[in-house]
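Visitor: Take a look and give me a structure for this.
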Amino acid sequence: MKITKDCVVRFHYTLKNDEDHLIESSDKDSPTTYLHGHGNMIVGVEKAIDGKQLGDEFDATVHPQEGYGERRDNATQSIPVKHLMGSKKWRPGMIATIQTEQRHHQVSIVKMGKFMAKVDTNHPSAGQILSFHIEIADVRSATEEEILHGHAHGVGGHQH
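Guide: You can find the predicted model right below:
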């Protein structure tokens, strides 16, 4: 089955930045799962996966405009420490997750106070050319409920 809109895709990946440093990789026992064609994946990765099928293994280069965007100057703001997720003890340089009205968002800690943290709201990979190595682990047609909800359900997907 070729990957097209409304397919649920499970894939393994390795992500490196433009300096060839490993940023992250999927756990071999737990591939990343998403509903293709619904804006649930960065544009460059979704474009690279489109038309592939089970077992395909390939490399994809994603430029900032189709990845996490260009870095914005003066993108810092102060937020309450209680809104930082991912650790109990924060230090400058660490990556935190915050919940916005639209989605979860990664930020970099710039300065910590007792109650407030100054964070850089650029995604940690903003402005970088990203290199993905991708292996398609599974492809299936989405259920009507998944299409209606706009995301994959079940193992690796959203749990209601």
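Visitor: use CA for all of it now, contacts and neighbours both
Guide: Fine.
Visitor: can you give me the helices for this structure?
Guide: With DSSP state H applied, the chain shows helices at 43-49, 144-149, listed in chain order.
Visitor: which of these is buried the deepest?
Guide: Mean neighbour counts were compared across these using mean count of other Cα atoms under 10 Å; the top stretch is helix 43-49, at a mean of 19.
Visitor: hmm, who's touching that helix?
Guide: 3, 36-37, 60-63, 66-67 (Cα atoms under 8 Å, 6 or more residues apart in numbering).
Visitor: For those, which two are the farthest from each other?
Guide: Distance extremes for the contacts of helix 43-49: the farthest pair is I3 and H63 at 22.0 Å, using Cα to Cα.
Visitor: Only the buried subset of the contacts of helix 43-49, as a ChimeraX command please.
Guide: The buried residues among the contacts of helix 43-49 can be selected in ChimeraX (16 or more other Cα atoms under 10 Å) with this line:
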select :3,36,37,60,61,62,63,66,67
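Visitor: The top strand by length along the chain: partners in the sheet, and parallel or antiparallel?
Guide: The single longest strand within the chain, with elements called by DSSP state E, is strand 130-141. Its sheet considered, strand 130-141 pairs with strand 7-16 (antiparallel), strand 57-62 (antiparallel) by DSSP bridges.
Visitor: Please export the C-alpha coordinates of it as PDB.
Guide: The C-alpha coordinates for strand 130-141 follow below in PDB (Å, rounded to 0.1, in the frame of the first residue of the first chain):
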ATOM      1  CA  LEU A 130      17.700  18.400   9.300                       C
ATOM      2  CA  SER A 131      18.800  15.000   8.000                       C
ATOM      3  CA  PHE A 132      16.400  12.100   8.600                       C
ATOM      4  CA  HIS A 133      17.000   8.500   8.000                       C
ATOM      5  CA  ILE A 134      13.500   6.900   7.800                       C
ATOM      6  CA  GLU A 135      12.300   3.300   7.700                       C
ATOM      7  CA  ILE A 136       8.500   2.600   7.100                       C
ATOM      8  CA  ALA A 137       7.400   0.000   9.600                       C
ATOM      9  CA  ASP A 138       3.700  -0.100   8.900                       C
ATOM     10  CA  VAL A 139       1.000   1.400   6.700                       C
ATOM     11  CA  ARG A 140      -2.700   1.000   6.900                       C
ATOM     12  CA  SER A 141      -5.900   2.800   5.900                       C
END
